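1. my questions are about this predicted structure, shown below with the sequence.
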Amino acid sequence: MNFLENDPLIIGDHTFSSRLFTGTGKYATSDSMMDSIKASGSELVTLSLRRVDLENHSDNILSPLQQHGMKLLPNTSGARSAKEAVFAANLAREALATNWVKLEIHPDPRYLMPDPIETLEAAEILVKQGFIVMPYVHADPVLCKRLEEVGCQCVMPLGAPIGSNKGLASRTFLDIIIEQSRVPVIVDAGIGSPADAALAMQLGADGVLVNTAMAVARKPAAMGYAFRLAVEAGRVAYHSGLGEVEGQAMASSPMTDFLVGLS
Ligand SMILES: CC(=O)[C@@H](O)[C@H](O)COP(=O)(O)O
């Protein structure tokens, strides 16, 4: 029985069967990156234009990704302002012939926290320029609603700082965002294990984006597969209706009456 049939994730003009999005950073080689992404079943991969060598197609990451039919999601990582992000997005649209963009503006190099003011400003401009905007933001319910109102096709609240592998540190706020959002919620950043990804899906997230935890694993391909299973498991669990968390023990098969009858 396939519990996930007829459960597509639709963002903008695209329908995804995988709810696991991936990245291209931190892999030891482009081969290990491809092996991991293939094993994960991911259909959307984000990449920074800085990582793409448009001249030398031989050893960059673009060719293998395109040969594998991956949908590319350029990101504006490195942009410190709305102006820089808008410029980077338009450069990417020209270079990669896609109007999809992962909007990332994180000027602080230490924690890579997304700038909410610049992100909202850039999102409004990019939507008007015809982009499918996927904004990376802190887990701020008010900001997520503002981004939805200006026309973002999804929101991407962080679980924890990028690359921290700290998991769903923002869980309380993710719950609120998931409850209130009318666009898909993709938990992005800080997901450190398949268990974190499964939990995000159990909470009702529509998808997750994972890069570091796959890339730095001792076996990136196996870890990619583990994340695939975790995202599917979390989604099925979400649809299955999880039991309530009880404050006291609840015997699954009470023996009291039976034992009393024997005494
Ligand atoms: C690749 C990318 O866009 C990352 O900035 C993304 O936020 C994933 O973060 P992790 O590396 O913590 O999975």
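-> Done, it's in. Numbers count the residues shown, from 1 in each chain.
2. which residues of the stretch 51-200 of the chain fall in helices?
-> Ranges of helices in the stretch 51-200 of the chain, per DSSP state H, counting those that start in this stretch, are 62-67, 82-96, 116-128, 141-149, 171-180, 194-202.
3. list the buried ones in the fifth one?
-> Going back to what we said before, that points to helix 171-180. 171, 173-175, 177-178 (16 or more other Cβ atoms under 10 Å). (C-beta placed from N, C-alpha, C; glycine too.)
4. tell me which parts of the chain are close to the ligand?
-> By Cβ under 6 Å from any ligand atom, the residues of the chain that approach the ligand are 23, 25, 46, 75, 136, 162-163, 188-191, 209-213.
5. mind telling me which residue of the stretch 1-150 of the chain is nearest the ligand?
-> residue 23 (2.7 Å; Cβ to the nearest ligand atom).
6. can you pull the pLDDT of that residue?
-> Residue 23 is assigned a predicted lDDT (pLDDT) of 97.
7. leaving out chain neighbours, which residue sits closest to it?
-> Leaving out its chain neighbours, the residue that sits closest to residue 23 by Cβ to Cβ, 6 or more residues apart in numbering is residue 211, at 2.9 Å.
8. and the one you found, what's its pLDDT?
-> Here the pLDDT value assigned to residue 211 is 98.
9. correct me, but it touches residue 20?
-> No - applying Cβ atoms under 8 Å, one finds residue 211 not in contact with residue 20, separated by 11.2 Å.
10. dump the residue contacts of the residue of the stretch 1-150 of the chain closest to the ligand.
-> 45-47, 209-212, 215 (Cβ atoms under 8 Å, 6 or more residues apart in numbering).
11. inside strands: which ones of these?
-> 45-47, 209-210 (DSSP state E).
12. name the nearest of those residues relative to residue 132.
-> Comparing the ones in strands among the contacts of residue 23 against residue 132 with Cβ to Cβ places residue 46 closest, at 12.7 Å.
13. tell me the bridge partners for that closest one.
-> residue 23, residue 73 (DSSP bridges).
14. before we move on, the earlier item: highest mean neighbour count out of the helices of the stretch 51-200 of the chain?
-> Stretch with highest mean neighbour count among these: helix 194-202 (a mean of 24; mean count of other Cβ atoms under 10 Å).
15. out of the helices and strands in the protein, which is least certain?
-> When each helix and strand of the chain is scored by mean pLDDT, DSSP states H and E, helix 256-262 comes last, with a mean of 73.
16. counting by contacts, list what that one packs against.
-> Using 3 or more Cβ pairs under 8 Å, 6 or more residues apart in numbering; DSSP states H and E, no helix or strand is in contact with helix 256-262.
17. residue 151 reaches residue 129, doesn't it?
-> No - here residue 151 does not reach residue 129: they are 10.9 Å apart, not a contact under Cβ under 8 Å.
18. quick one: residues contacting the residue nearest to residue 23.
-> By Cβ under 8 Å, 6+ apart, the contact list for residue 211 reads 22-26, 46, 163.
19. select only the buried ones of these in ChimeraX?
-> To isolate the buried members of the contacts of residue 211 in ChimeraX, using 16+ other Cβ under 10 Å:
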select :22,23,24,25,46,163
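20. in a markdown table, list the contacts of residue 211 along with distance to residue 108.
-> Shown next, in a markdown table, are these (distance: Cβ to Cβ, whole Å):
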| residue | distance to residue 108 |
| --- | --- |
| 22 | 24 |
| 23 | 19 |
| 24 | 22 |
| 25 | 18 |
| 26 | 19 |
| 46 | 20 |
| 163 | 13 |
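21. just give me the closest of the contacts of residue 211 to residue 262.
-> Comparing the contacts of residue 211 against residue 262 with Cβ to Cβ places residue 22 closest, at 58.0 Å.
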